[in-house]
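> need a 3D model of the following:
(chains A and B)
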Amino acid sequence: MNNTVHKPFFAWKHLNKLRWLSLATVFAMLILIPFLHVYQTFIAAHTYDLLSYSEKQIYDTMSAITSPFVSDPEEQLDALKGNTWSGTVGSLKLSDPLAVIGQIVGSRAFYWPFILTALIPVLFTVLLGRFFCGWICPATFLYELNSNLAILLRKSGLRIGNKRFDRRLKYLVLAIGLVVAVATGSVVFAAIYPPAVIGREIYYAIALGGFGSGVVYFLLTLLFDLLVSRRGFCRYLCPGGALYSLLGRFRLLRIKRIVEGCNDCAKCTAVCEFGLDPLHDQFGQECNNCTACISVCPTDAMTFYINPQDIARQGPGHLGRKYKQQKHEQGPDTSVDLTDGK
Amino acid sequence: MPMRRRSALKWLVYSTGVLASAAIPFAISHLLAPAERIIRKRHLRPPGALKDDAEFIAACIGCGLCGEVCPPRCIKFHQRDGGAQVNTPFINPEQKACTLCGKCTEICPTNALLPIERHEVDMGVAQIDRSACYPWVDRGICGACVSICPLGEQAINFKQWNQYQPVVQEGCVGCGLCVEVCPHPSLPIRIVERSEGTVVGHTI
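Take a look at the predicted model:
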């Protein structure tokens, strides 16, 4: 039996590191952009000599960072603004599809320039599924670090709950949010959607001198994840995740298990942040293509493939299959004493 | 029959529980941002904001972009005093006033802030309390509000050329720079609704 699996390219196993790099970059940008804004206001006010020592440090650092790229920072730095909820890159405006849907429902009006800002994210989501959740979301960065902290706490002997709820609960959160948006006439998702909350709170803390109420809310979700349910908010409550799951239902890029290479070790199922079951080919619309299962697989039996539908259950991997075959041919295997001599 | 009733009851309890747990995020965010009961100070919306404040709240997605481009950093955001308007922008001219540069209107992705000529901005109108303003009370010398005004004579002017008594004109758009610079501790100049007039009604 041939156990080796043809790898698509050598870096396949390192995509998870690339993902962490992407998450860290987005998070670092969320911190950098408010500092750039503060730097711009210092320039606009022509007050370098009046700045305090720490403000001068900000000014000098930002000036050192940006001087290779821009000649007129006061104007040119306006090209990069915002957060993952809504932002500007050059002349391109991008918004979260959840913001667009919430705004349409809240204001009961169609403002096309705004709706079109979600076009590129929606297209990418239709093709790649919930990639935002795994590769970009600044909350994911903190939530995954939080999961690692939970593992450490568990290793140190703390009894931490790992409850599972119905994954469809988040669609209900999305629906309730839409109803509340209609009732109150405001974009309520902005207050409860973690990436929006984080982007805003970092900006408040750096440029406006203090965190707002959103940071308390985010800490509550962190505690919920840490103590009650692993990645519970993303799995069961996040309305943005619900929307992306629906949009990415027929996504093209999927992960599959190569059954010939699989040895049924179940590491993929253990590592999956979204509580899916790659071992039994259960990906569905919830998978965010985060590649954690690809990188953890000891036999390289996880890979990407392009197909609008998941493959049906493939049964056990090669070891289990071999065992089954032996049993079928020889009858019950008596050479191994499964009762351990008792 | 009792069995069926019990299972229906169970179903009802479960579905209520599921609905309640799905509403938890909204409940928490509502607890963290209760609606403000008393509005003591009139906070201004940024220039170019939708006239109707309910429409503005519905259109604003709370991304904070307007604050992120504001050169004087005058745009703040409603927090615990917010209620439904949580995370929507406001300007408190007593701390920092708008300079009518219009950057926020250009960057706003939604129709909450729309690009507008600086003469057509309508954030309110300056109102002067003549019983507190230095030049009006004792012919003091001030003129801070007149000299800072970005719109010049059409917005605020002296009553007479050799006296420093300011009079708000028709062209005032309510940017609030006069409020920011006013040296009097009781702020005899402030921004009010256009219907309230440019002079405080009471007299000494």
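
> where does the chain dip in pLDDT?
All of this refers to chain A. Within chain A, the stretches with pLDDT under 70 are A:1-10, A:331-342.

> nope, chain B please
Counting by pLDDT under 70, chain B contains low-confidence residues at B:1-3, B:36-42, B:202-204.

> so where's the longest helix in it?
Longest helix of chain B, by residue count under DSSP state H: helix B:2-22.

> can you get me a residue count around A:Thr41?
17 (other Cβ atoms under 10 Å in any protein chain shown). C-beta: built from backbone N, CA, C; applies to glycine.

> hmm, back to that, quick one: the longest helix of chain B near chain A?
Yes - Helix B:2-22 lies within reach of chain A by Cβ under 8 Å from any Cβ of the partner chain, at B:18-19, B:21-22.

> list the buried residues for that helix?
For helix B:2-22, a neighbour-count test (16 or more other Cβ atoms under 10 Å in any protein chain shown) marks B:21-22 as buried.

> coming back round to it: list just the nearest of the residues of helix B:2-22 next to chain A to A:Asn289.
Taking Cβ to Cβ as the measure, A:Asn289 sits nearest to B:Ala22 out of these, at 26.1 Å.

> pretty sure that closest one is touching A:Arg168, no?
No - B:Ala22 is beyond contact range of A:Arg168, at 9.8 Å (criterion: Cβ atoms under 8 Å).

> hmm, back to that, so after the longest helix of chain B, what's the next helix or strand?
Using DSSP states H and E, the helix or strand that follows helix B:2-22 in sequence is helix B:24-32.

> now do that following helix against helix B:2-22, angle only.
50 degrees (axes from the mean of the first three to the mean of the last three Cα atoms, to 10 degrees).

> what's in contact with helix B:24-32?
A:173, A:176-177, A:180, A:188, A:191-192, A:213-214, A:216-217, A:220, A:237, A:239, B:80, B:86 (Cβ atoms under 8 Å, 6 or more residues apart in numbering or on different chains).

> dihedrals phi and psi, the spatially most central residue of chain B?
The geometric centre of chain B, computed from its C-alpha atoms, lies nearest to B:Leu44 (Cα atoms, centre = their mean), at 1.9 Å. Note on B:Leu44: backbone dihedrals following degrees, to the nearest 10 are phi -90, psi 150.

> which residues does it bridge with?
On the basis of DSSP bridges, B:Leu44 is bridged to B:Ile91.

> look up how far B:Phe90 lies from it.
In this view, B:Leu44 and B:Phe90 are 6 Å apart by Cβ to Cβ, to the nearest Å.

> B:Arg45 now?
Counting by Cβ to Cβ, the gap from B:Arg45 to B:Phe90 is 6 Å.

> likewise for A:Lys93?
23 Å.

> cool, and A:Lys327?
When A:Lys327 is compared with B:Phe90 (using Cβ to Cβ), they lie 73 Å apart.

> for these two, indicate the residue with more neighbours.
Between A:Lys327 and B:Phe90, counted using other Cβ under 10 Å, the more crowded position is B:Phe90 (19 against 11).

> tell me the SS of A:Phe304?
Following DSSP: H, G, I helix; E, B strand; the rest coil, the label given to A:Phe304 is strand.

> and it, what does it touch?
Counting by Cβ under 8 Å, 6+ apart, A:Phe304 has contacts A:8, A:253-256, A:289, A:294.

> now these in TSV, with neighbour count, distance to A:Gln282 and secondary structure?
Below are the contacts of A:Phe304 laid out as TSV (neighbours: other Cβ atoms under 10 Å in any protein chain shown; distance: Cβ to Cβ, whole Å; DSSP: H, G, I helix; E, B strand; the rest coil):
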residue	neighbour count	distance to A:Gln282	secondary structure
A:Pro8	11	23	coil
A:Leu253	15	17	strand
A:Arg254	21	12	strand
A:Ile255	23	11	strand
A:Lys256	17	12	strand
A:Asn289	22	15	coil
A:Ile294	22	16	helix
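
> of these, which is the nearest to A:Leu227?
A:Asn289 (28.2 Å).

> thinking that closest one is in contact with A:Thr125, fair?
No - counting by Cβ under 8 Å, A:Asn289 sits too far from A:Thr125 to count as a contact (10.9 Å).

> who touches both of those two?
Going by Cβ under 8 Å, 6+ apart, residues that sit against A:Asn289 and also against A:Thr125 are A:Phe131.

> gap between A:Ser22 and A:Trp135?
A:Ser22 is 5 Å from A:Trp135, by Cβ to Cβ.

> which one's more surrounded, the two?
Legend: neighbour count by other Cβ under 10 Å for A:Ser22 and A:Trp135, higher for A:Trp135 (21 against 15).

> in contact with the more buried one, which residues?
A:19, A:22-23, A:288-290.

> please, a ChimeraX command that selects the buried ones among the contacts of helix B:24-32?
Selection command for ChimeraX covering only the buried members of the contacts of helix B:24-32, criterion 16+ other Cβ under 10 Å:
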select /A:173,176,177,180,188,191,192,213,214,216,217,220,237,239 /B:86
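
> per the record, what domains does chain B have?
Domains of chain B are assigned by automatic domain parsing as B:38-118, B:125-196.

> pull the distance from the last one to the chain's centre.
To tie it back to what came earlier, the one meant is domain B:125-196. Centroid displacement of domain B:125-196 relative to its chain, using Cα atoms, centre = their mean, to the nearest Å, is 19 Å.

> same check on stretch A:53-64?
32 Å.

> what does it contact?
A:35-36, A:38-39, A:42, A:48, A:51, A:73.

> buried sites along stretch A:58-74?
Buried-residue list, stretch A:58-74, by 16+ other Cβ under 10 Å: A:58-59, A:62, A:66, A:73.
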